[in-house]
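>>> Need coordinates for the below:
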Amino acid sequence: MKSDNNTLKSRRRLVLLATAALGAGLVPSLGRLAFADSDGDDDDNHYEESANTSFTLANTGLNAKIVVVGGGMAGATLAKYLRLWGGSGVAVTLVEPNASYTSNIMSNLVLSGSRSLSTLGYSYGSLAAKFGVTVKQAFVTGIDSTAKAVLLSDGTRLPYDRLVLAPGVEFMNAYGLTQSDYAGTTPHAWQAGPQTAELARQLAGMSNGTFVMTIPKAPYRCPPGPYERACIVADYLKTYRGAASKVIVLDENASIQAERETFTTAFGVTHAGVVQYEAGVTGIAIDPVTKVVSYLDAVGTPRTINAQVVNPIPPHRATGSSAGGWLAGAGLNNSADGRWCVVDVLSYESTAVPGIHVIGDAASCGLPKAGHVANQEAKICADAIVRLLAGQQPDPAPVANSACYSPITASTASWLTAVYQYDAVNRKMVVAANGGNPLGAAPTASATVSNKNYRNMSTWFNTLMGDSFA
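Okay, the predicted model is just below:
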């Protein structure tokens, strides 16, 4: 794969033009969204879908009933592209308990007041009006994989030819905290919404105190997200509450999980004296009333912190995978720890139950759990389903890309990107060979933290959300 700037820019322009003029048929390469060049030059990446853009469904002659569970980045994208690529005979029903979606991407900026939650809301109106997706507002209560039907909270029984699950994650009780603690005094805010607003309120009420946050062992949603949050909170506190404020990051992982060099510099230089990062901690315990945090440091020494605000990011698992949950009841949470759904990455079909596909954060597929990745998985899955319905095999060499921006201060950001391709030997997606880097090399991070990256972050976000929610 060539990595020179001209090649990247040419590919990007073609992809953006193609995405704006969908309907030419089954074109899996339309799944590649734009990402920044390795030199940070992203000046020509300013595509945003017009509200007046029209779409034509592919003429495939296929007829099938597809039920999609979950209206987040993965589910919404999948529903849209199944209609586009499958054609009018492929009936798609999207089951989602909420009337709209609130983006987790960019939600950290709500904490500092740089964005409001209202700017992160997306409805399902375009999916219904432009693409003919049937939207059903309900909870899933069970799956009858033998009869191929989904059972809903309103008593509806939806039959399917293929079922796609994109339920996202649920958060586990941890550190001595319960779901009521998360919803009240000790929000994790790792699901954008009321907890985000509550954490922002608590942060705004701080004096020169200590903000403690925890990071669970990987895998978790959005690998760079916790470190980004630490930077945003640190920047806010030292700007509005003084440099005596502290942000203590207790990471259960042995090291920073994404953009290690960027965040090491951010903690040690940009936010020096404010951020205290500790890796490899164990035994975290949080008192939701007193806000006392105790833990063992990397060498096993007991430590105690008297915090003013505590923000635990607890371990999470696929929604419905707890004991007695609807996902567990169908036997789909088949990872070794029972938290995730193992899939074949050529089609995202469950390795446990045929005819059911799992995409997004709930899937165990080797790719990061992130919004842009969910968008990509959805397109690979949609392409595979259309091929399977037509009696063909899934694409044997799928390619996906991932991109994300991380704000470091109120006006600067970094970025991280990778292209993934299928490794047929190990049957998994790995970072693609790039220039002199072999298959399986590390993702590419921005060389600098800059205001230009911060401005380009909005273009990337708007393009991504426009692609997923039309």
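
>>> got the contact list for the residue lying farthest from the centre of the chain?
Ranked by distance from the centre of the chain (Cα atoms, centre = their mean), the top residue is Thr301, with 34.6 Å. Going by Cβ atoms under 8 Å, 6 or more residues apart in numbering, Thr301 touches no other residue. C-beta coordinates here come from the backbone N, C-alpha and C atoms, glycine included.

>>> Relative to Gly280, how far out is it?
Computed as Cβ to Cβ, to the nearest Å, the Thr301 to Gly280 distance reads 12 Å.

>>> can you map out the helices along the stretch 301-450 of the chain?
All helices of the stretch 301-450 of the chain, identified by DSSP state H, counting those that start in this stretch, fall at 326-329, 371-389.

>>> just to revisit the earlier point, backbone phi and psi for the residue farthest from the centre of the chain, please?
Backbone torsions for Thr301, taken as degrees, to the nearest 10, come to phi -80, psi 130.

>>> Glu228 now?
Torsion angles at Glu228 (phi, psi; degrees, to the nearest 10) stand at phi -60, psi -40.

>>> Tell me how far the helix or strand hosting Ala129 lies from the chain's centre.
For Ala129, the host element (DSSP states H and E) is helix 125-131. In terms of Cα atoms, centre = their mean, to the nearest Å, the centre of helix 125-131 is set 22 Å apart from its chain centre.

>>> now swap in stretch 346-357 and tell me
Per Cα atoms, centre = their mean, the centroid offset for stretch 346-357 relative to its chain is 20 Å.

>>> Which parts of that stretch count as buried, going by neighbours?
Neighbour-count burial for stretch 346-357, counted by 16 or more other Cβ atoms under 10 Å, picks out 346-350, 352-353, 356-357.

>>> Which one of the residues you listed is nearest to Thr146?
Taking Cβ to Cβ as the measure, Thr146 lies nearest Val353 of these, at 9.9 Å.

>>> what number of residues lie near the closest residue to that closest one other than its chain neighbours?
Nearest residue to Val353, sequence neighbours excluded (Cβ to Cβ, 6 or more residues apart in numbering): Ser145, at 5.1 Å. By other Cβ atoms under 10 Å, the residues close to Ser145 number 19.

>>> Surely Ser145 touches Ile356?
Yes. Taking Cβ atoms under 8 Å as the definition, Ser145 is a contact partner of Ile356 at 6.5 Å.

>>> Overlap of the contact sets of the two?
Any residue near both Ser145 and Ile356 by Cβ under 8 Å, 6+ apart counts here, and that gives Ala330.

>>> List the contacts of the closest residue in space to Ser321 that isn't next to it in sequence.
Once flanking residues are discounted, Ser321 sits nearest to Asn333: 3.8 Å by Cβ to Cβ, 6+ apart. If a contact means Cβ under 8 Å, 6+ apart, then Asn333 has 317-318, 320-321, 325, 327, 339-341 as its contacts.

>>> Out of these, which is nearest to Val419?
Trp340 (23.6 Å).

>>> Distance check, that closest one against Cys404.
Distance from Trp340 to Cys404, by Cβ to Cβ: 21 Å.

>>> what does Thr262 give?
Distance from Thr262 to Cys404, by Cβ to Cβ: 12 Å.

>>> Those two - which one has more neighbours?
For Thr262 versus Cys404, neighbours defined as other Cβ under 10 Å are more numerous around Cys404 (29 against 26).

>>> show me what contacts the closest residue to that one other than its chain neighbours?
Nearest residue to Cys404 in three dimensions, chain neighbours excluded: Leu416, at 5.5 Å (Cβ to Cβ, 6+ apart). Residues counted as contacts of Leu416 (Cβ under 8 Å, 6+ apart) are 224, 258-259, 402-404, 406, 443-446.

>>> From those, pick the one nearest Cys231.
Nearest member of those to Cys231, counting by Cβ to Cβ, is Ser406, at 7.5 Å.

>>> What about that closest one, how many residues nearby?
A count of nearby residues for Ser406, using other Cβ under 10 Å, gives 29.

>>> remind me which residues of this structure are low pLDDT?
Low-confidence segments of the chain (pLDDT under 70): 1-54, 435-437.

>>> thinking again about what came up before, okay, the contacts of Leu416 in a markdown table with distance to Lys291 next?
Listed next are those as a markdown table, based on distance: Cβ to Cβ, whole Å:
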| residue | distance to Lys291 |
| --- | --- |
| Pro224 | 26 |
| Ala258 | 28 |
| Glu259 | 29 |
| Ser402 | 36 |
| Ala403 | 36 |
| Cys404 | 31 |
| Ser406 | 27 |
| Pro443 | 36 |
| Thr444 | 39 |
| Ala445 | 34 |
| Ser446 | 36 |
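
>>> which ones among those residues are found in strands?
402-404, 406, 444-445 (DSSP state E).

>>> Out of these, which is nearest to Ser245?
In terms of Cβ to Cβ, no member of the ones in strands among the contacts of Leu416 lies closer to Ser245 than Ser406, at 20.8 Å.

>>> nearest residue to the closest one other than its sequence neighbours?
In this structure, Ser406 finds its nearest non-sequential neighbour in Glu228, 4.2 Å apart by Cβ to Cβ, 6+ apart.

>>> Cys222 versus that neighbour, what's the distance?
In terms of Cβ to Cβ, Glu228 sits 8 Å off from Cys222.

>>> How many residues are close by Asn451?
Neighbours of Asn451 under the rule other Cβ under 10 Å: 11.

>>> Ok, Ser153 next?
Here the count is done by other Cβ under 10 Å, and Ser153 has 12 residues near it.

>>> got a list of what Pro187 touches?
195-196, 198-199, 202, 311.

>>> From these, which land in helices?
195-196, 198-199, 202 (DSSP state H).

>>> quick check: domain ranges of this protein?
5-170+317-469, 174-314 (automatic domain parsing).

>>> what sits against Gly168?
70, 72, 191, 318-319, 360-362.

>>> which of the buried residues of stretch 346-357 lies closest to Met206?
Closest approach between the buried residues of stretch 346-357 and Met206, by Cβ to Cβ: Tyr348, at 42.8 Å.
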